[in-house]
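Undergrad: Below: sequence and its predicted model.
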Amino acid sequence: MIAIQTIGKTWTKASRGGELAEMRNRLPKVLPLKNLSDFPDLLWHKVGFGENNRFELPLVNDVTSHVENNRFGCRNIHIDWTESSATLTYQYQSGAPKRSFFDNTGTPIPPEHLIHISMNCWASIEYNGRLTCIDTGNWWYEHTVVNVAVMRSFDHRVFVASAPCERYTQLASLR
């Protein structure tokens, strides 16, 4: 079984500082999975917070087993899986500020990080960015945490009861 948990938060300039920023920064990076009576081979738990309700409760808290294109609603994350393992990939594709990494020769390459997750392990990737609507020019911020577990049997506390085998963070200074 593969369990994917995406925890996202979005905000605008109104929540960049002060009390709302403090509330936003206190949001969890792991949560228990929803307890289900039927355990599919793939479970996606999507949780989303926003400034509309002062980050107090999730605006989205859904569980599904249907996924298209292996992206799970994430701009810079891709997940491939088999019955007994998964590969969690971060590759910068969108969001400001632009991120640049360099290989051993000094050639610019996009930041990318792969995590292989074996049976009964889980891993996490966290990233952020500022995004702009191409139609209106309005911009907003996003912060996303993606937790992926490969399990023999369902454990709704997998992300809160143990440490990840690997955690990768790609956080830019957002202004």
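TA: It's in.
Undergrad: quick one: average pLDDT of the helix of greatest length in the chain?
TA: The longest helix of the chain (DSSP state H) is helix 18-25. Averaging pLDDT along helix 18-25 yields 91.
Undergrad: How far does that helix sit from its chain's centre?
TA: Distance of helix 18-25 from the chain centroid (Cα atoms, centre = their mean, to the nearest Å) equals 19 Å.
Undergrad: strand partners of the helix or strand following it, parallel vs antiparallel please.
TA: Per DSSP states H and E, the first helix or strand lying C-terminal to helix 18-25 is strand 42-50. Paired neighbours of strand 42-50 in the sheet (DSSP bridges): strand 2-11 (parallel), strand 60-64 (antiparallel).
Undergrad: what about stretch 142-156, start to end distance?
TA: Distance between the two ends of stretch 142-156: 26 Å, counting by Cα to Cα, to the nearest Å.
Undergrad: mind listing what's buried in it?
TA: 142-151, 154-156 (16 or more other Cβ atoms under 10 Å). Quick note: C-beta positions are derived from backbone N, CA and C, even for glycine.
Undergrad: which residues touch the helix or strand of the chain with the lowest mean pLDDT?
TA: The helix or strand of the chain with the poorest confidence is strand 101-102; it has a mean of 76 (mean pLDDT, DSSP states H and E). Residues outside strand 101-102 that contact it (Cβ atoms under 8 Å, 6 or more residues apart in numbering) are 108-112.
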